[in-house]
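> Sequence and predicted structure below; questions after.
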Amino acid sequence: MSARPARTVVITGAAAGIGRRTALTLAGNGWTVGAFDLDETGLATLADEAGRLPGRILTGHLDVTDAAEFAERVDGFVAETGRLDAIVNNAGILLAGRFEEIDVAKQHREIDINTKGVVNGLHAAFAHLKATPGSVAVNLASASAIYGQAEIANYSATKFFVRGLTEALDIEWKRHGIRVAAIWPLYVQTAMTDDIKTGTTDRLGIKLGPQDVADAIVGAIDPPLPRRLAKQVHFTVGAQTRAMALGSRFSPAWLTRAVNKNLAGH
């Protein structure tokens, strides 16, 4: 009897932070990982670190805003591995500050990476996911998609986009055998938050690490049976996010707004 082929995953923003921890965790579980990023130095150290793991990590340059390059990278990865069990659209940037004080070109860049990057990834992966039974697309959303967040307004809006796209495609792609899931962390201690200071970081702190989110991603790729039966789409990370998501589900809109206003210190 031939051995089952290794499961495979493409991860964007894989050179550092959440993407790196996810790549190492899945490779540690025997997966073949396509780790892509603009940071080729970070990818080189990732490949070195992966040498001790049972799975493989294949690395490559990727600008997620370039749809043609995204398709080329995914097609090349599948040509080598023969399948695509999952894609993790993790790449993103975070700008903090008063909306009117942030350069509009930088805000456009944030929109391009956080939203168009996800669209490009889903398009590039679709045919390969469709051809692989039990496949899943995982998109990085955020607790800021529960209610619009002051001082990260543009970022928050991009995560509402990710939320809506995920919900819609989980319904639309069911006929193709593809699940689509979103991961909802609050602030995570990575390079992206090193210089971030907002009302919510002051009041809530930054309590999550990259491994917390990586574990949630792995849990979304292979959820336990009750979550599968419930067709769970959104996977919160950490007690703070779970409490905020649960509260918003049952509280009136005015109360949700008041809580978020208070957390932001406005």
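Yep, it's here.
> distance between stretch 154-174 and the chain's centre?
11 Å (C-alpha atoms, centre = their mean, to the nearest Å).
> could you give the mean pLDDT of that stretch?
For stretch 154-174, the mean pLDDT works out to 97.
> do the same with stretch 19-29
Stretch 19-29 carries an average pLDDT of 97.
> change the start of the numbering to 24 and stick with it
Okay, residue one is now 24; in that scheme the one you just asked about reads as stretch 42-52.
> ok, residue 94 to residue 166 distance?
31 Å (C-beta to C-beta, to the nearest Å). C-beta: built from backbone N, CA, C; applies to glycine.
> Tell me which stretches of the stretch 74-223 of the chain form helices.
With DSSP state H, counting those that start in this stretch as the criterion, the stretch 74-223 of the chain has helices at 90-104, 127-134, 140-153, 176-195, 222-227.
> Quick one: closest of those helices to residue 121.
Across these, residue 121 has its closest neighbour in helix 176-195 (8.8 Å, C-beta to C-beta).
> in the closest one, what's buried?
For helix 176-195, the neighbour count (16 or more other C-beta atoms under 10 Å) marks 176-186, 188-189, 192-193 as buried.
> ok, for residue 178, nearest residue in space, not its chain neighbours?
Nearest residue to residue 178 in three dimensions, chain neighbours excluded: residue 117, at 5.2 Å (C-beta to C-beta, 6 or more residues apart in numbering).
> circling back to that earlier point, more crowded one of residue 94 and residue 166?
Neighbours were counted for residue 94 and for residue 166 using other C-beta atoms under 10 Å; residue 166 has more, 25 against 16.
> wait, isn't residue 208 in contact with residue 231?
Yes - at 5.5 Å, residue 208 counts as touching residue 231 under the criterion of C-beta atoms under 8 Å.
> quick one: the most centrally placed residue in the chain from residue 280, how far?
Closest to where the C-alpha atoms of the chain average out (C-alpha atoms, centre = their mean) is residue 163, at 2.3 Å. The gap separating residue 163 from residue 280 is 25 Å, by C-beta to C-beta.
> thinking again about what came up before, what's the overlap in contacts for residue 208 and residue 231?
Common contact partners of residue 208 and residue 231 (C-beta atoms under 8 Å, 6 or more residues apart in numbering): 260, 261.
> Quick check: residue 168 vs residue 182, distance?
Separation of residue 168 from residue 182 (C-beta to C-beta): 4 Å.
> Quick check: residue 137 touching residue 113?
No - the pair residue 137 and residue 113 does not pass the contact test of C-beta under 8 Å, sitting 10.7 Å apart.
> tell me the contacts of the closest residue to residue 196 other than its chain neighbours?
The shortest distance from residue 196 to any non-neighbouring residue, by C-beta to C-beta, 6+ apart, is to residue 203 (6.0 Å). Counting by C-beta under 8 Å, 6+ apart, residue 203 makes contact with 159, 160, 161, 162, 189, 192, 193, 196, 256.
> Please name the nearest non-neighbouring residue to the third one.
Nearest residue to residue 161 in three dimensions, chain neighbours excluded: residue 111, at 4.7 Å (C-beta to C-beta, 6+ apart).
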